[in-house]
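Novice: Have a look at this prediction, sequence included:
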Amino acid sequence: MKNYLFAPGPTPIPTETLLAMASPIDYHRASESVELIGNVTAKLKYVFQTNNDVMILTSSGTGAMEAIITNLLSSDDRVTVIRSGKFGERWGEICAAYGIQLDPINIEWGRSVDPQQVEDQLNRYPETKAVLATLCETSTGALHDIKTLGDIIQDSQTLLVVDAVSALCADDLQMDNWSVDAVVSCSHKGLMTPPGLGLVSLSDQAWKATKSSDLPKFYFDLRQARDAGNRGSTPYTPAITFIKALDQALDHIHQEKIENVLERHAYLAQATRGAVKAMGLKLFAQDPANTLTSICLPNRVDGQALVEMIRNRHGVTYAGGQAKLKGKIIRIAHLGWVCEHDMIVAISTLERGLSEVGYNLTLGSGLAAAQEVFRNSQP
């Protein structure tokens, strides 16, 4: 049975990227590795859409999030946390672990923050050191308006910090143009590389904040990471094989061009959303991201059982709901190394799986709607 992966990370990896990892392991302090790390860092600036340094950490995306907290903040700082799902809540959990005072903006899961809520919060607490946001809330599929948040914050001393772990290269994020002070991401989502690399970029204003931060840090000291990165190195042993893979994956993105990569994700998302509606199902996210599509399931359909059955019987992997959405939604990613033919598999298999658990639908209805988008809207 051939397997297909439509979870929002890890995502499918291009063949050339897999082959890059098959080359003999090299010494991470050798001149070849220095050149490699320097090249990858330069290419990452392109996908982050920034002139700022991008640092490579050997960690998951959560490690990169923690690095942001410990490097930018101090024990007496106050932050605003946009909590609209599991990963917005994670910002708050990390802050709580370090004793940071946080003012949450609690958003109903599936909805996106109204920028006016953030502006009102900052007017109430003008001493706020940072606003912690997500680009795509992966647990719900909701997209947040980072550009407008940047407009609100740009003339203040408050830092705008964005979790782009799942959405980098799928939903637009123009770090420099949108006045974003810190962006975190990772290797195994839109960057089409195995899990293991956390990525961080800071603005000049954010770097100034690192000078006064008093929170404990050692492995995740970003000033050390930047200094080492400028020498084509890392402070500690890096996942050099994954960096080699990332180098190859970034070449894919450069060849396609970032604007075309973003357009492809939007096109695949549009087709998937159209298919879902044609099947008589509802989207969970009010303002859906192009990273993934979250789908409400009828009460009589157990989402966990459905995802497991489709994976075991048909070799297609979707993601189920998380936390309070467990069993209630499924999430289909159109993320990374994915094309329209892959989405035909994802949609047709979902139709078949729903039919097999007793959901009444016309087989082919979702597929026809997706094909219509593919026929009329091909980028």
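Specialist: Perfect, I can see it now.
Novice: From Glu16, how far out is the residue minimising distance to the centre of the chain?
Specialist: The chain has Ser166 as the residue nearest its centroid, 1.3 Å off, counting by Cα atoms, centre = their mean. For Ser166, the distance to Glu16 equals 23 Å [Cβ to Cβ, to the nearest Å]. (Glycine included, C-beta is placed from N, CA and C.)
Novice: Same check on Asn260?
Specialist: 18 Å.
Novice: same check, this time on Leu222
Specialist: Plainly put, Leu222 is 31 Å away from Glu16 if you go by Cβ to Cβ.
Novice: Surely Glu127 is in contact with Asp76?
Specialist: No. Under the criterion of Cβ atoms under 8 Å, Glu127 is not in contact with Asp76, lying 9.9 Å apart.
Novice: Please say which of Leu222 and Glu16 ends up with more neighbours.
Specialist: Set Leu222 next to Glu16 and count neighbours by other Cβ atoms under 10 Å: Leu222 wins out with 27 against 12.
Novice: tell me the contacts of that one?
Specialist: Contacts for Leu222 (Cβ atoms under 8 Å, 6 or more residues apart in numbering) come out as 55, 67, 71, 200, 202, 210.
Novice: doesn't the first one fall inside a strand?
Specialist: Yes. Membership of Met55 in a strand is supported by DSSP: H, G, I helix; E, B strand; the rest coil.
Novice: Leu199 is in contact with that one, correct?
Specialist: Yes. Shown here, Met55 and Leu199 form a contact pair, counting by Cβ under 8 Å, at 7.2 Å.
Novice: in the stretch 1-150 of the chain, which spans are helices?
Specialist: Applying DSSP state H, counting those that start in this stretch to the stretch 1-150 of the chain gives helices spanning 15-20, 31-48, 61-72, 86-97, 115-124, 146-153.
Novice: re earlier: phi first, then psi, for the residue nearest to the centre of the chain.
Specialist: Main-chain torsions, Ser166, degrees, to the nearest 10: phi -90, psi -30.
Novice: tell me the phi and psi of the closest residue to Leu281 other than its chain neighbours?
Specialist: Residue nearest to Leu281 in three dimensions, not counting chain neighbours: Ile295, with 5.4 Å by Cβ to Cβ, 6 or more residues apart in numbering. In terms of degrees, to the nearest 10, the main-chain angles of Ile295 are phi -120, psi 130.
Novice: Was I right to think Ile295 contacts Leu325?
Specialist: No. Ile295 lies out of contact with Leu325 (Cβ under 8 Å); the separation is 10.9 Å.
Novice: out of those two, which sits in the more crowded spot?
Specialist: Shown here are Ile295 and Leu325; by other Cβ under 10 Å, Ile295 has more neighbours (27 against 22).
Novice: all helices of the stretch 151-300 of the chain, in order?
Specialist: Taking DSSP H, counting those that start in this stretch, the helices of the stretch 151-300 of the chain run over residues 204-212, 222-229, 240-256, 258-278.
Novice: Enumerate the positions of the shortest one that are buried.
Specialist: Counting neighbours by 16 or more other Cβ atoms under 10 Å, one finds that the buried residues in helix 222-229 are 222-226, 228-229.
Novice: where does the protein have low pLDDT?
Specialist: Segments of the chain classed as low confidence (criterion: pLDDT under 70) are 378-379.
Novice: tell me the domain ranges of it?
Specialist: 4-8+257-376, 15-256 (automatic domain parsing).
Novice: re the thing from before, make TSV out of the helices of the stretch 1-150 of the chain and add distance to Pro8.
Specialist: TSV is the format used below for the helices of the stretch 1-150 of the chain (distance: least, Cβ to Cβ, whole Å):
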stretch	distance to Pro8
helix 15-20	18
helix 31-48	17
helix 61-72	11
helix 86-97	11
helix 115-124	25
helix 146-153	18
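Novice: Go through those helices and name the closest to Pro195.
Specialist: helix 61-72 (8.7 Å; Cβ to Cβ).
Novice: Residues in contact with the closest one: which ones?
Specialist: Contacts of helix 61-72 (Cβ under 8 Å, 6+ apart): 57, 59, 90-91, 94-95, 98, 100, 129-130, 159, 161, 163, 165, 182, 184-186, 189, 198-200, 202, 206, 209-210, 213, 215-217, 220-223.
Novice: Write a PyMOL command that selects only the buried members of those residues.
Specialist: Selecting the buried subset of these in PyMOL, with 16+ other Cβ under 10 Å as the burial test, is done by:
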select buried, resi 57+59+90+91+94+95+100+129+130+159+161+163+165+182+184+185+186+189+198+199+200+202+206+209+210+213+217+220+221+222+223
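Novice: Which of the contacts of helix 61-72 fall in strands?
Specialist: Residues of these located in strands (DSSP state E): 57, 130, 159, 161, 163, 182, 184-186, 198-200, 202.
Novice: which one among the residues you listed gets closest to Asp145?
Specialist: Looking across the ones in strands among the contacts of helix 61-72 and measuring by Cβ to Cβ, the closest to Asp145 is Asp163, at 14.5 Å.
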